[in-house]
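Peer 1: Okay, structure incoming, though there's no sequence with it:
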Ligand SMILES: [Ca+2]
């Protein structure tokens, strides 16, 4: 301002002009710039689509600009007002033929480089529906085979909205241009119905998908001669979830045996009968995984060894029958070598698991006399006992092959793999 005030005498009018003009000029310029931006932004919202990376929302109460439906095998309402997770409406997605897909397409696509996960809310129209999710690339090809919601906190349920957050790395969609989002029926009941709301990409790291194996309270193997937790304690310690990959086990999962009267085991250390066999009850109900956890807790074993053995024995199918009608259930309990187990081994998942793990514990304690004939048999070899459950002998060839296969399932957590539910 000192420049504007000349040291030369000047009229008041000139002085005022000299002061006011720059102020007016600045004001006018600012107004013009501001109005330019306001006008531009206003236009922007109507006609101009932001660069892909700036627009990670795909659906809120309607499909966002540039997203359209390429769906199939379904009836879809994008402004369904009967349910909403937020705002006024959601997508209702009713399957009319198997593997019907809710497929959202963007010609422009989304650059995922700044994002970490795909997030959406889902509510089931009925229970036990299964869905899978995939993202599609710039050529509209799938980036990889779909992942199952089962692995990300369980299937949608009918009583409450669930928020799914799937890491983009699980979808092979990091640093990609994504042109398609698929949520697909995975052979659930006919005419399944799903509500979906608030589909977006987020920058949030996914802490951990709520897979069942991830927990600090995981059951681990307790050394021989450890005192084992009571059934009451295990009832409290099982981590409950809605995850059920074998809905067909439901009836047996709800069945607790009555009038159980198992004869004493022959050819064993007497402690196998007094301390172990006497504890077998099948006194638990829950989902298939909860029952496996309960057995792991009660008998003091690494819960993933229990899950892995249930994979190799029956693929977690309690209705499984083997050995020409002599072997039953999720852990394949042999009715001829384990007298008194049938029909409980067939009718109650908890009994089946309870019995198989009681036997494993007796073996692990060194109490199984028939194995004791082998000089190599010793207490404290859990995998050796897992093999003996299969072969009836101590680390023979059949047992070693079985142990090796079971270890593979243990290592890759087979029960959490996307294809597991189809075995
Ligand atoms: Ca909404």
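Peer 2: Great, that's in hand. Since the structure is predicted, the reported quantities are computational estimates derived from the model, not experimental observations. Numbers count the residues shown, from 1 in each chain.

Peer 1: For the ion, what's its nearest residue on the stretch 301-423 of the chain.
Peer 2: Closest contact between the stretch 301-423 of the chain and the ion, by C-beta to the ion, is at residue 418 (28.5 Å). (Glycine included, C-beta is placed from N, CA and C.)

Peer 1: Ramachandran angles for that residue?
Peer 2: Backbone torsions of residue 418, given as degrees, to the nearest 10, read phi -60, psi -30.

Peer 1: Report pLDDT for it.
Peer 2: Looking at residue 418, its pLDDT is 81.

Peer 1: hang on, it packs against residue 152?
Peer 2: No - the pair residue 418 / residue 152 is not scored as a contact, 10.8 Å apart, by C-beta atoms under 8 Å.

Peer 1: how about the residues of the stretch 1-150 of the chain that lie near the ion?
Peer 2: 61, 84, 86, 87 (C-beta under 5 Å from the ion).

Peer 1: can you pull out the strands in the stretch 151-300 of the chain?
Peer 2: Taking DSSP state E, counting those that start in this stretch as the test, the strands found in the stretch 151-300 of the chain are 162-167, 177-185, 193-202.

Peer 1: The shortest one to strand 177-185, inter-axis angle?
Peer 2: Which is strand 162-167. 140 degrees (axes from the mean of the first three to the mean of the last three C-alpha atoms, to 10 degrees).

Peer 1: what is the mean pLDDT for strand 162-167?
Peer 2: For strand 162-167, the per-residue pLDDT averages 93.

Peer 1: In that strand, which of the residues would be classed as buried?
Peer 2: Within strand 162-167, the residues scored as buried using 16 or more other C-beta atoms under 10 Å are 162, 164, 165, 166, 167.

Peer 1: again with stretch 386-403
Peer 2: Buried, per 16+ other C-beta under 10 Å, within stretch 386-403: 386, 387, 388, 389, 390, 391, 393, 394, 395, 399, 402, 403.

Peer 1: which one of residue 418 and residue 152 has more residues nearby?
Peer 2: Shown here are residue 418 and residue 152; by other C-beta atoms under 10 Å, residue 152 has more neighbours (22 against 16).

Peer 1: Would you confirm that that one contacts residue 162?
Peer 2: No - using C-beta under 8 Å, residue 152 makes no contact with residue 162, being 9.1 Å away.

Peer 1: Of all residues in this structure, which one is nearest the centre?
Peer 2: The centroid of the chain falls nearest to residue 151 when counting by C-alpha atoms, centre = their mean (2.1 Å).

Peer 1: Look up how far the ion lies from it.
Peer 2: 25 Å (C-beta to the ion, to the nearest Å).

Peer 1: Repeat that for residue 64.
Peer 2: Residue 64 is 12 Å from the ion, by C-beta to the ion.

Peer 1: Equivalent analysis for residue 148, please.
Peer 2: For residue 148, the distance to the ion - C-beta to the ion - is 24 Å.

Peer 1: returning to that earlier point: export the strands of the stretch 151-300 of the chain to TSV and tack on distance to the ion?
Peer 2: Shown next, in TSV, are the strands of the stretch 151-300 of the chain (distance: least, C-beta to the ion, whole Å):
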stretch	distance to the ion
strand 162-167	13
strand 177-185	15
strand 193-202	4
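
Peer 1: nearest to residue 380, of those?
Peer 2: Residue 380 lies closest to strand 162-167 among these, at 38.8 Å (C-beta to C-beta).
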